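>>> sharing a model that was predicted from the sequence below.
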Amino acid sequence: MSSISFKRSHNLVWSVRHNESGIILDFVEGYFNDKQKAHVDGVIPDVQMLARVMREIGDEVQKQIYFIALCDVDVRRSLIDDMSEDLLIEAAEKLHGAVGYEDYNYLYDYLEIFKQISDPSPSLCECLENLSDNEMKELVMLVVSYWVDPYDMKQWAKDLKNWYWENI
């Protein structure tokens with residue numbers, strides 16, 4: 001069992017827990033370096049232990065959920081601004097159907113991925129045609145983040161829109 005676990009709340013705040021020490025680091029998706037809050041569930045550690053645990057958490061975040069912690073916030077905001085909740089849900093469902101359960105970390109050709117989407121609605125086609133390469137990449141990463149820790153899709157799309165308004 002890993003000594004570090006990840007959990008996403010419905011407002012796109014992630015909690016990274018160091019299970020051995022009880023140290024928990026919360027951060028807003030996309031703002032790992034800017035919007036962090038650390039707390040301890042248990043005995044307060046000494047400074048050396050705290051430094052070691054924070055390094056371990058940072059290393060694990062970089063390995064496991066880097067694209068969630070440090071996404072390009074400006075590109076994400078632009079993408080979310082262009083898509084309704086319904087289009088986000090449709091894109092997620094269609095994209096997942098196109099690539100299945102492959103290891104998303106190796107999907108680099110975002111344009112090719114979107115060409116695999118079968119039977120998209122005219123609204124989704126128009127939206128995808130107007131996205132920049134960076135926005136398409138961010139859309140793939142958003143969908144990947146959903147499938148890493150899935151929960152209700154309607155809530156996911158709503159959370160993305162809320163994230164947009166709360167992080168202006």
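Structure's in. What do you need?

>>> point out where this structure drops to low pLDDT.
1-2, 97-115, 144-151, 167-168 (pLDDT under 70).

>>> strands of that one, start to end?
For the chain, the strands defined by DSSP state E occupy 4-8, 13-18, 23-28, 36-40.

>>> out of the ones you listed, flag the one nearest residue 71.
When the strands of the chain are compared by C-beta to C-beta, strand 23-28 sits nearest residue 71, at 10.9 Å. Heads up, the C-betas are built off the backbone N, CA and C, glycines and all.

>>> between that closest one and strand 36-40, how many degrees?
Calculated by axes from the mean of the first three to the mean of the last three C-alpha atoms, to 10 degrees, strand 23-28 forms an angle of 160 degrees with strand 36-40.

>>> buried stuff in strand 23-28?
Judged by neighbour count (16 or more other C-beta atoms under 10 Å), strand 23-28 contains these buried residues: 23-28.

>>> contacts for stretch 78-96?
113-114, 117-121, 123-124, 127-128, 130-132, 135, 138-140, 142-143, 146-147, 153-154, 156-158, 160-161, 163-164 (C-beta atoms under 8 Å, 6 or more residues apart in numbering).

>>> sorry, back to before: distance to residue 59 added to the strands of the chain, as TSV?
Converted to TSV, those look like this (distance: least, C-beta to C-beta, whole Å):
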stretch	distance to residue 59
strand 4-8	9
strand 13-18	11
strand 23-28	12
strand 36-40	15
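
>>> which of the ones you listed sits closest to residue 76?
The nearest among the strands of the chain, by C-beta to C-beta, is strand 23-28 at 11.8 Å.

>>> and the closest one, what does it pack onto?
strand 13-18, strand 36-40, helix 47-64 (3 or more C-beta pairs under 8 Å, 6 or more residues apart in numbering; DSSP states H and E).
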